[in-house]
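*Asks:* Quick one: sequence plus predicted model below, questions after.
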Amino acid sequence: MTGPGRCRVKHDAPTRAGRRTRRVRVGVVALGVGLVLLIGMTLAGSAAAWRPDWYRPPAIDHARLRDDKAALATVQDEISAGLNGGKRVTVRLTAAQLNRWLAARAELWPEAAELPVEEPCVELTADGLRIGTVLKWRGWRVVGSARIGVQVGVDEIALRVVEAAIGALPVPAAWLVDGLARLPGVRDAGGRAIGSEVWVPNDLTWPNGRRRFRVVALQPGADEWTLVLEPFVTRAP
């Protein structure tokens, strides 16, 4: 009994030790993978929660709300008078005014309160515009942003998505292009998505008077854009 017993002990001990070693190794690997995933999720969450420096959505400026309403009404009246009178209209828009209108959108357009947009912000530049808004993404409140180039042609207007991101994480431009093409105003106007661009017919309709018009010129600049609108001339048969 002594011989076989000793042999059995000598063979079993390394086996048990090897199993313990393997279990320790598996545990260490699992712990390492868990830590890597945790760090990765933390970094991804931090990147998603990042906000661009330019993104500074204003709150409603109640002290200027009456003036902002009056400024919007003046722009609308000038466009209506010009287009319905068969004349070209020059419209100048500043980023500051646009952002105040966006902040007070529920006050200016009651139907805008139903739009799924939170804290929108616009930046005007010489080579396009930046747009940003707060989104709910995987339990986070993050800033979705995009840089869009605008090109005005005789027959069509092209909106090119140069880049899009959630926080600091880039996302495919196709995500935004598809969403832009589905907007009621774009879809109803016959807009279509082509690659990273959305093309909209340069044949628009002004609500007051149902006057057809087009954009004949766009002069983008830092913090201010100038647009020239021209009514379509209806020729007698």
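*Replies:* Okay, I see it.
*Asks:* biggest strand in this protein, by residue count?
*Replies:* Counting residues, the longest strand found in the chain (DSSP state E) is strand 140-152.
*Asks:* The residue nearest to residue 232 when sequence neighbours are not counted sits in which helix or strand?
*Replies:* If the residues on either side of it in the chain are set aside, residue 232 comes closest to residue 212, at 4.4 Å by CB to CB, 6 or more residues apart in numbering. (Glycine included, C-beta is placed from N, CA and C.) Using DSSP states H and E, the element containing residue 212 is strand 211-221.
*Asks:* Could you list the buried residues of that strand?
*Replies:* 211, 213-215, 220 (16 or more other CB atoms under 10 Å).
*Asks:* for stretch 224-235, same thing?
*Replies:* 225, 227, 229-231.
*Asks:* What is the nearest of the buried residues of strand 211-221 to residue 97?
*Replies:* For the buried residues of strand 211-221, the closest approach to residue 97 (CB to CB) belongs to residue 220, at 15.5 Å.
*Asks:* so what's the spatially most central residue of the chain up against?
*Replies:* In the chain, the residue lying closest to the centroid (CA atoms, centre = their mean) is residue 145, at 3.9 Å. For residue 145, the contact set (CB atoms under 8 Å, 6 or more residues apart in numbering) comprises 52, 55, 130-133, 164-165.
*Asks:* secondary structure element for the spatially closest residue to residue 193 that is not a sequence neighbour?
*Replies:* Nearest residue to residue 193, sequence neighbours excluded (CB to CB, 6+ apart): residue 181, at 4.1 Å. Using DSSP H and E, residue 181 maps to helix 173-182.
*Asks:* Would you mind listing the outside residues contacting that helix?
*Replies:* With CB under 8 Å, 6+ apart as the test, helix 173-182 has contacts from 146, 159, 161-164, 186-187, 191-193, 195-198.
*Asks:* tell me the mean pLDDT over it?
*Replies:* For helix 173-182, the mean pLDDT works out to 80.
*Asks:* ranges for the helices of the chain?
*Replies:* In the chain, the segments counted as helices under DSSP state H are 2-49, 65-84, 95-103, 105-108, 173-182, 184-188.
*Asks:* buried ones in the shortest one?
*Replies:* This points to helix 105-108. Under 16+ other CB under 10 Å, the buried positions of helix 105-108 are 105, 108.
*Asks:* Which strands or helices does that helix pack on?
*Replies:* helix 65-84 (3 or more CB pairs under 8 Å, 6 or more residues apart in numbering; DSSP states H and E).
*Asks:* Name the nearest residue to residue 58, sequence neighbours excluded.
*Replies:* residue 103 (4.9 Å).
*Asks:* quick one: that neighbour and residue 57 touch, right?
*Replies:* Yes: Residue 103 lies in contact with residue 57 (CB atoms under 8 Å); the separation is 6.9 Å.
*Asks:* Looking at the two now, which is surrounded by more residues?
*Replies:* residue 103 (20 against 17; other CB atoms under 10 Å).
*Asks:* Look up how far residue 222 lies from that one.
*Replies:* According to CB to CB, to the nearest Å, residue 103 stands 21 Å off from residue 222.
*Asks:* Mean pLDDT per helix and strand in the protein: which one sits at the bottom?
*Replies:* Taking mean pLDDT, DSSP states H and E as the measure, the helix or strand of the chain with the lowest value is helix 2-49, at a mean of 47.
*Asks:* re the thing from before, now the closest residue to the residue nearest to the centre of the chain other than its chain neighbours: how far from residue 167?
*Replies:* Excluding the flanking residues, the one nearest residue 145 by CB to CB, 6+ apart is residue 132, at 4.0 Å. Relative to residue 167, residue 132 is positioned 11 Å away (CB to CB).
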